[in-house]
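Colleague: no sequence on hand, only this structure:
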């Protein structure tokens, strides 16, 4: 992923007339590192994880939560969910693990968001590089990415 997709995401948000803050910061690789660097609470970070179940899907949840894969599997009616390998994630999203953005539609990924993300008025997330992030209103993020909102975190 390069600056081109970062700029594409910023353009998309502009097209939707959504207010956001774009930050360039030291590289972050975990949700906790990102929260510390951005000066926000861990729960405000949106983790974007790629899972596979025969096809690949994007799963979004607060930075302080984990995916209950059994619960999510039942909710989306699949037998089993497994995290995609780092190589698969890069091949599908052109992003390294820890920098995947929540704009699944840019990679034809069906996107599921845990409802607890919406408990935060402001959320933040990486946008394809370990040094770039955006903070914006959670309701605006939903308007743009149109995820299926479910309760699947623990």
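Modeller: Okay, I see it. These numbers come from a predicted model, not from an experiment. Numbers count the residues shown, from 1 in each chain.
Colleague: how much space between residue 88 and residue 95?
Modeller: 12 Å (Cβ to Cβ, to the nearest Å). Heads up, the C-betas are built off the backbone N, CA and C, glycines and all.
Colleague: wait, residue 6
Modeller: For residue 6, the distance to residue 95 - Cβ to Cβ - is 11 Å.
Colleague: hey, what's in contact with both of those two?
Modeller: 128-129 (Cβ atoms under 8 Å, 6 or more residues apart in numbering).
Colleague: who's in contact with residue 64?
Modeller: Contacts of residue 64 by Cβ under 8 Å, 6+ apart are 31, 41-43, 45.
Colleague: the residues you listed: which two are farthest apart?
Modeller: Among the contacts of residue 64, the pair separated by the greatest distance (Cβ to Cβ) is 31 and 41, at 10.7 Å.
Colleague: so those two - more neighbours on which side?
Modeller: residue 31 (22 against 14; other Cβ atoms under 10 Å).
Colleague: so that one makes contact with residue 45?
Modeller: Yes: if you go by Cβ atoms under 8 Å, residue 31 and residue 45 touch, sitting 4.9 Å apart.
Colleague: what do these two both touch?
Modeller: 63-64.
Colleague: so which of the contacts of residue 64 is the closest to residue 106?
Modeller: The closest of the contacts of residue 64, once distances to residue 106 are taken by Cβ to Cβ, is residue 45, at 19.7 Å.
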